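Engineer: coords below, sequence missing:
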């Protein structure tokens, strides 16, 4: 990201985000880290994923949700919604 901006290959944070296929806020976060502590600070970025202790949807709940959403008869509030058509 820094190289893209430094060399002019990306003219803005948004352009760098598009080239790197990340959200523009991510680029802003990276720049903030760089400004705060240089390259060393940018290397402190952790692995993606939930924070330790954060709960995710239990597998049995996810399976029940998938089953309910695949039912052609329901849920009624989703029927006919073109955004949800496959």
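Structural biologist: Arrived safely. All figures in this text were calculated on a predicted structure; none of them were measured in a lab. Numbers count the residues shown, from 1 in each chain.

Engineer: switch to C-alpha atoms for all contacts and neighbour counts from now on
Structural biologist: Noted.

Engineer: Let me know the average pLDDT across the longest helix along the chain.
Structural biologist: As assigned by DSSP state H, the longest helix anywhere in the chain is helix 24-42. In this model, helix 24-42 has an average pLDDT of 92.

Engineer: Quick check: phi and psi at residue 58.
Structural biologist: Dihedral pair for residue 58: phi -60, psi 150, per degrees, to the nearest 10.

Engineer: all numbers from here: first residue = 533
Structural biologist: Sure, I'll start counting at 533 from here, so that last one is residue 590.

Engineer: so where's the protein uncertain?
Structural biologist: 579-583, 585-587, 605-618 (pLDDT under 70).

Engineer: follow-up on the earlier one: next, the buried residues of the longest helix of the chain.
Structural biologist: 556, 559, 562-563, 565-566, 574 (16 or more other C-alpha atoms under 10 Å).

Engineer: right, and out of these, which lies closest to residue 584?
Structural biologist: residue 574 (20.7 Å; C-alpha to C-alpha).

Engineer: Show me what counts as buried in the helix or strand where residue 538 lies.
Structural biologist: For residue 538, the host element (DSSP states H and E) is helix 534-539. Residues of helix 534-539 classed as buried: residue 536 (neighbour count, 16+ other C-alpha under 10 Å).

Engineer: Need the contact partners of that helix.
Structural biologist: Contact with helix 534-539 is made by 542-545, 548, as judged by C-alpha atoms under 8 Å, 6 or more residues apart in numbering.

Engineer: Go through those residues and flag which are in helices.
Structural biologist: Those of the contacts of helix 534-539 lying in helices (DSSP H): 545, 548.

Engineer: Now distance to residue 592 and neighbour count too, for the contacts of helix 534-539, in TSV please.
Structural biologist: TSV is the format used below for those (distance: C-alpha to C-alpha, whole Å; neighbours: other C-alpha atoms under 10 Å):
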residue	distance to residue 592	neighbour count
542	45	18
543	47	12
544	44	14
545	41	20
548	40	22
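
Engineer: okay, the contacts of helix 534-539 in CSV with distance to residue 600 next?
Structural biologist: Conversion of the contacts of helix 534-539 to CSV gives the following (distance: C-alpha to C-alpha, whole Å):
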residue, distance to residue 600
542, 45
543, 46
544, 44
545, 41
548, 40
